[in-house]
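# Got a predicted structure here, sequence first:
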Amino acid sequence: MFIKTVGPVTAKIMLVGEAPGETEDRKGLPFVGRAGNTLNTLLSQAGIIRSKCLIANVARERPPGNDIKHYFQDKGCKVPTPRMLEYIALLQKEIETYKPNVVVPLGNTAFWALTGRKGIKHARGSVTTSTLVPGQKLVPSYHPQAVGYDWSLATTVVMDLKKALYHSSFSDIPEDKRQLIIDPTKANFIELCQRLLDEKEPVAVDIEAVQAHINRIGFSNSPVWAFTLGTLKGKVPLFPERDELEIWEWICRVIAELPIIYHNATYDLSVLFLRNGIPTRNLYMDTLVAAHILWPELPKSLEYVTSILLDVPAWKHLSETAPGEYNALDALNTKCIAPIMEKLLKKRDLWETFQREMSWIEPASMLQLQGLYVDMEKKDDLVKEAKKNLKEVDAELLKLVGKEVNYNSPAQVKNLLYIDLELPPQYKRRKSIREKQKLTTGEDALKKLARMHEVPTLIIKRRKASKLISTFLDISVSPENRVHSSYNVTGTGFGGRWSSSKSIILSYGPGNLQNIPKEARTLYTVPEGYVLLEADYIQAEAVAVAYLCLDTVLIKLFTDAFGMSGSERAKGYDVHRYTAAIMYDIPLEEVTKEQRTIGKTMRHASNYASGPGVLANKLNISMAQAKPLLKLYFQKNHLLPIWHKRIQMQLRQDRTMVNLFGRKHKFLDRWGDSLFRSAYAYNPQSSIGELLNISLRETYDKLGDNIRIYLQLHDAIYSLVHHSETMDVMKELRKIMIKEVPVGRETMKIDVDFKVGDNWGEMVEQDIGWK
DNA sequence: GATTTTACGTA
DNA sequence: CGTACGTAAAATCT
């Protein structure tokens, strides 16, 4: 059926979708199926009344199989069929007739029909014009159907629609009158720097670099202008050496003396310091950090934040064709969003959290630039040994299998297991029952098959050995035998924790330092006379959960054990033993090793509401055995389900959770168990991360002259300490790390214990009592 | 050549 | 249907 455009001819807003679906086809109206429902929700959240809008699709008849490719001659959907051209001409005529103030293309097809361009992700949220109807204002956004698949896009679409609503009150397209000064002469550049120094406003700075060598830098100290200077073209300097030196002196003056704004300071600040010796003494704001605090659940790129907060054209496509303009706009837009974000942070009571995360940038940058020393001999030995090990497994496998198989290839392993060896097929868990089953060769599946055949065990062994070599042992090191990973203070969606990844400044090493297995840690050694000191929070997340549940018995166990040595604690104050004791209703001292292991697994699993299947896997028991065990556990720990229910109630308010330090997170996923479990994990995980990083910064301030902070591992700080000072440093670290954290009416303190070693793989517990 | 999927390491 | 991350190799898309 042909679907007509609906809505009042006087409408100020016109919404354009892609093509009708099944329901639309049946009812003869656009956006009345599932996508229509989503659209209604989005419109109402944006304050737009649907009946006052014109609603259209580009294609007017439902394509077979709902596949838009039907209307194109090519796979990339760039060459339209004659029918599609007719539809586009019709759309053009309608827009020219109704003259809405703003047209909202929803999705790639509508955006392409109106502009001839693709890439809705980069275009959405910008204010732009149509080429189909010249002069027609557009505010593009995602298609409601995309929101249906990924509900976290909803927030973005609502913000775009609000922007469209604002733009529907007038037809003019705002002119970008901001002034960009691109590649001035040396003399002009110096004048401009002088102007920045005179005006004393916070300056947004952005560098462009290839392999951390700066080739361009841009500045902006007001929302109306910016300037940029290229210093390198490829590897060729653009100025004579003496001029360049002078230019860098002025750059240094600006950056070292004025309050500075970056988008991703850990990068710009580190490169400027490493390559040009320029310190950022007054870091006023990192707009990436601001975005991470304001909307940890949303994208944080400058492009995205700008599309949300400003009414400016997209500019990222200029990076190749007009690098000067691109860089100047980066600086300018950073400058423009900064004050808006500052206001929002204060309004939402997040200023303190923001300042705290800002304070982590310096130590995180230090850790990246400092790096870790690698013992090359040890590394070579370990690689050799691991390769030998791999060869042995390969030989065994070849004997059993009788042919060469690439065990890193899931396809080949599937063939081997399920066709050649005729083992019972193991399937991946499906998201919905309607999805078709997919075979898996993951470790859990192989473990089950291991009961029937000896090959699966060897495959597990083979893959572990191969992973160890490729990811953790066979790593690149700097000329100084160091690895330099970057710590990302904005790297986790929850916030509070840092992530760790390959540095783009000094790209040596395994990248992520937070997932290195014990076997690969031994190659990280310390200089003669020094020790590696690990200070970690004891049972941190479990303690946090106990306080959040108000489990007074458990809290007492932790407070009684506070300050005890490890061996004392193990005797009568061990959480897992306690868990087993209450589960089996026996005295603490009668708990067997096996029962303790069960207690430990149960606690880990059920704090965050895992199901019987997973527990069965972990304890290597059947589902039938796991179910009553879980039931028993929740009977004895009745506060846990109450806590979970409380979280669900909090989510119902506005889907927002707040951690123990005031950090906020909005959970945007589809309402359901998976969202709940994520929310259960939020407070303990992000609060402990935050606690550790607060302590890390304080350690950096107070002990930075005597020790080198070496590693951060979510709930542990590692430092290099002269062996003669180990005891003193332990005392100091305890003073810093043990903090009183309010949880409701209680005050939580988490104990710290220490390990010492001369390499990261062999750390020895320090059995010291502190009472 | 770029992007997605699969598998697997840590807290 | 623990959660949170990042990387390597293979598979897939263009």
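Structure received.
# Select the longest strand from chain A.
Counting by DSSP state E, the longest strand found in chain A is strand A:213-222.
# Identify all contacting residues around whatever helix or strand comes next after that strand.
Tracing the chain past strand A:213-222, the next element assigned as helix or strand by DSSP states H and E is strand A:225-230. Taking contacts as CB atoms under 8 Å, 6 or more residues apart in numbering, the residues outside strand A:225-230 that touch it are A:178-184, A:189, A:192, A:204, A:215-220, A:238, A:247, A:323-325, A:327-329, A:331-332, A:335. To be clear about C-beta, it is placed using only N, CA and C from the backbone, and glycine gets the same treatment.
# partners of strand A:225-230, with directions?
When pairing is defined by DSSP bridges, strand A:225-230 lines up against strand A:179-182 (parallel), strand A:213-222 (antiparallel).
# which one of these is the most hemmed in?
Comparing the strands paired with strand A:225-230 by mean neighbour count (mean count of other CB atoms under 10 Å), strand A:213-222 ranks first with a mean of 23.
# buried residues in the helix or strand containing residue A:328?
Applying DSSP H and E as the criterion places residue A:328 in helix A:323-347. Judged by neighbour count using 16 or more other CB atoms under 10 Å, the buried positions of helix A:323-347 are A:323-338, A:340-342, A:344-345.
# Could you check the angle that helix makes with strand A:225-230?
130 degrees (axes from the mean of the first three to the mean of the last three CA atoms, to 10 degrees).
# following helix A:323-347, which helix or strand shows up next?
Toward the C-terminus, helix A:323-347 is succeeded by helix A:351-358 as the next helix or strand (DSSP H and E).
# Dump the C-alpha coordinates for the longest strand of chain A into CSV.
Taking Å, rounded to 0.1, in the frame of the first residue of the first chain, the C-alpha atoms of strand A:213-222 are listed here in CSV:
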residue,chain,number,x,y,z
HIS,A,213,55.3,14.4,17.3
ILE,A,214,53.3,17.6,17.3
ASN,A,215,52.6,19.1,13.8
ARG,A,216,49.9,21.6,14.6
ILE,A,217,48.5,23.4,17.7
GLY,A,218,45.4,25.4,18.1
PHE,A,219,44.3,27.9,20.8
SER,A,220,41.0,29.5,21.8
ASN,A,221,40.2,31.8,24.7
SER,A,222,36.8,32.9,23.8
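# Please enumerate residues in contact with that strand?
Residues outside strand A:213-222 that contact it (CB under 8 Å, 6+ apart): A:192-193, A:196, A:199, A:201-209, A:226-233, A:251, A:254, A:258, A:271-272, A:275-276, A:323-324, A:327-328, A:330-332, A:334-335.
# Please pick the buried ones from the residues you listed.
By the neighbour-count criterion of 16+ other CB under 10 Å, the contacts of strand A:213-222 include these buried positions: A:192-193, A:196, A:202-209, A:226-232, A:251, A:254, A:258, A:271-272, A:276, A:323-324, A:327-328, A:330-332, A:334-335.
# list the contacts for the residue lying farthest from the centre of chain A?
Distance from the centre of chain A peaks at residue A:97, with 46.0 Å (CA atoms, centre = their mean). Under the criterion of CB under 8 Å, 6+ apart, the contact list for residue A:97 reads residue A:9.
# Am I right that residue A:709 sits in a helix?
No. Using DSSP: H, G, I helix; E, B strand; the rest coil, the secondary structure at residue A:709 is strand, not a helix.
# Surely it and residue A:365 touch.
No. With contact defined as CB atoms under 8 Å, residue A:709 does not reach residue A:365; the gap is 12.0 Å.
# okay, the two: which has more neighbours?
Between residue A:709 and residue A:365, counting by other CB atoms under 10 Å, residue A:365 is the more crowded of the two (23 against 19).
# how far away is the more buried one from DNA strand B?
22 Å (CB to the nearest atom of the strand, to the nearest Å).
# now residue A:34
Note on residue A:34: its distance to DNA strand B, by CB to the nearest atom of the strand, is 21 Å.
# wait, that residue sits on residue A:24?
No. In this structure, residue A:34 sits apart from residue A:24 without contact. The criterion is CB under 8 Å, and the distance is 10.3 Å.
# between these two, who's got more neighbours?
Between residue A:34 and residue A:24, residue A:24 has the larger neighbour count (other CB under 10 Å), namely 23 against 14.
# what sits against the more buried one?
Taking CB under 8 Å, 6+ apart as the contact definition, residue A:24 lies against A:3, A:30, A:31, A:32, A:33, A:36, A:57, A:62.
# Out of those, which sit inside helices?
Members of these lying in helices (criterion: DSSP state H): residue A:36.
# Serialize the contacts of residue A:24 to JSON lines and add fields for distance to residue A:574 and neighbour count.
Rendered in JSON lines, the data for those read as follows (distance: CB to CB, whole Å; neighbours: other CB atoms under 10 Å):
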{"residue": "A:3", "distance to residue A:574": "68", "neighbour count": "23"}
{"residue": "A:30", "distance to residue A:574": "64", "neighbour count": "26"}
{"residue": "A:31", "distance to residue A:574": "60", "neighbour count": "27"}
{"residue": "A:32", "distance to residue A:574": "61", "neighbour count": "21"}
{"residue": "A:33", "distance to residue A:574": "57", "neighbour count": "20"}
{"residue": "A:36", "distance to residue A:574": "58", "neighbour count": "20"}
{"residue": "A:57", "distance to residue A:574": "64", "neighbour count": "26"}
{"residue": "A:62", "distance to residue A:574": "65", "neighbour count": "20"}
